[in-house]
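J.: Please work out how this folds:
(chains A and B)
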2 protein chains.
Amino acid sequence: MGTLRIKETCLYVRDLAPCRAFYEGIMQLECFSHSVGGHVFFRAGQQVLLCFLKGTTKEQTILPPHWGEGALHFAFETDRGEAYEAWRKRLNEHDVSMEHEHHWPGGFRSLYFRDPDGHCVEILEAGMWEFGNTGP
Amino acid sequence: MGTLRIKETCLYVRDLAPCRAFYEGIMQLECFSHSVGGHVFFRAGQQVLLCFLKGTTKEQTILPPHWGEGALHFAFETDRGEAYEAWRKRLNEHDVSMEHEHHWPGGFRSLYFRDPDGHCVEILEAGMWEFGNTGP
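T.: Coordinates of the predicted model:
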């Protein structure tokens, strides 16, 4: 049995345009699919971030239905140090408010902020979860 | 600026015990943190799957609050061919009902099934999203 890797992470959003502007324009993810009134899909490293317009997947029949409400959380990872600082600077330049910066054991840091739908987005310094951390 | 990779994918669950039994016992993910009444965290390749007990993160103050309702979707990836077939066999042996098998352009396949909370889980043959697919 091969080990499973996570490939798709999903969000449910109220409006695709600001979602795309945020993840493509500010977070610099490649948008590889935009179905008007349906979804915007992005590449993030070897993974994909799938953002679905709320309601469109709840009653679907070609693929199994799924849906979500709330302020979901997920995290990006970036290299430790300079790359992390560059992301802080870029977010600041684009007026993305920092909600919190967390300092994890081992000296790893993470930034928390909100996307246009209020989802809780984090950028984490690589290595934190491999250091032995088990939570806050 | 370094490219962002997705590191954490999150679910919100009603009961941690069946969640752990499913993702550790059947999906063979390493459980590296279990906080009773709080969360169970798993490794999945280079990523982590964070399962939070519903309600516990909605009002939290040390880290920014987040929460989710619904039948969320995410996907695992496994190697094409034998590894995929081994997963189908294992899920069948553990009486996990297959909700759907999808055939994607390029000959890639994916299996859809539900976790104990009704979240929509997929196992996808590696390469599908690199082949040029943009959705169903």
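
J.: which ones are touching A:H94?
T.: Counting by CB atoms under 8 Å, 6 or more residues apart in numbering or on different chains, A:H94 touches A:I26. Where C-beta positions appear, they are placed from N, C-alpha and C, glycine not excepted.

J.: Tell me the strands beside the longest strand along chain A, with direction?
T.: Taking DSSP state E as the criterion, chain A has its longest strand at strand A:5-13. Strand A:5-13 sits in its sheet next to strand A:47-53 (parallel), strand B:73-78 (antiparallel), going by DSSP bridges.

J.: Deepest in the core, which of these is it.
T.: Scoring the strands paired with strand A:5-13 by mean neighbour count under mean count of other CB atoms under 10 Å in any protein chain shown gives strand B:73-78 as the most buried, with a mean of 25.

J.: That one - what's its average pLDDT?
T.: Computed over strand B:73-78, the mean pLDDT rounds to 98.

J.: May I have it as PDB, with CA atoms only?
T.: In PDB, the C-alpha atoms belonging to strand B:73-78 read as follows (Å, rounded to 0.1, in the frame of the first residue of the first chain):
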ATOM      1  CA  HIS B  73     -14.400  17.500   0.300                       C
ATOM      2  CA  PHE B  74     -10.700  16.800   0.000                       C
ATOM      3  CA  ALA B  75      -8.600  14.300  -2.000                       C
ATOM      4  CA  PHE B  76      -5.700  12.000  -1.400                       C
ATOM      5  CA  GLU B  77      -3.400  11.000  -4.100                       C
ATOM      6  CA  THR B  78      -1.800   7.500  -4.600                       C
END
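
J.: residue boundaries of the helices in chain A?
T.: Along chain A, the stretches classed as helices by DSSP state H are A:16-20, A:82-93.

J.: deepest of those, which one?
T.: helix A:16-20 (a mean of 18).

J.: Just the C-alpha atoms of that one, please, in PDB.
T.: Provided in PDB are the C-alpha atoms of helix A:16-20 (Å, rounded to 0.1, in the frame of the first residue of the first chain):
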ATOM      1  CA  LEU A  16     -15.400  33.800  -7.400                       C
ATOM      2  CA  ALA A  17     -13.900  37.100  -8.600                       C
ATOM      3  CA  PRO A  18     -12.500  38.300  -5.200                       C
ATOM      4  CA  CYS A  19     -11.400  34.800  -4.400                       C
ATOM      5  CA  ARG A  20      -9.400  34.600  -7.600                       C
END
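
J.: any low-confidence regions in chain A?
T.: Across chain A, not a single residue meets the criterion (pLDDT under 70).

J.: Chain A - how does it break down into domains?
T.: As recorded under automatic domain parsing, the domains making up chain A are A:1-69, A:71-136.

J.: would TSV of those with distance to B:H39 be doable?
T.: Formatted as TSV, the domains of chain A follow (distance: least, CB to CB, whole Å):
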stretch	distance to B:H39
domain A:1-69	17
domain A:71-136	7
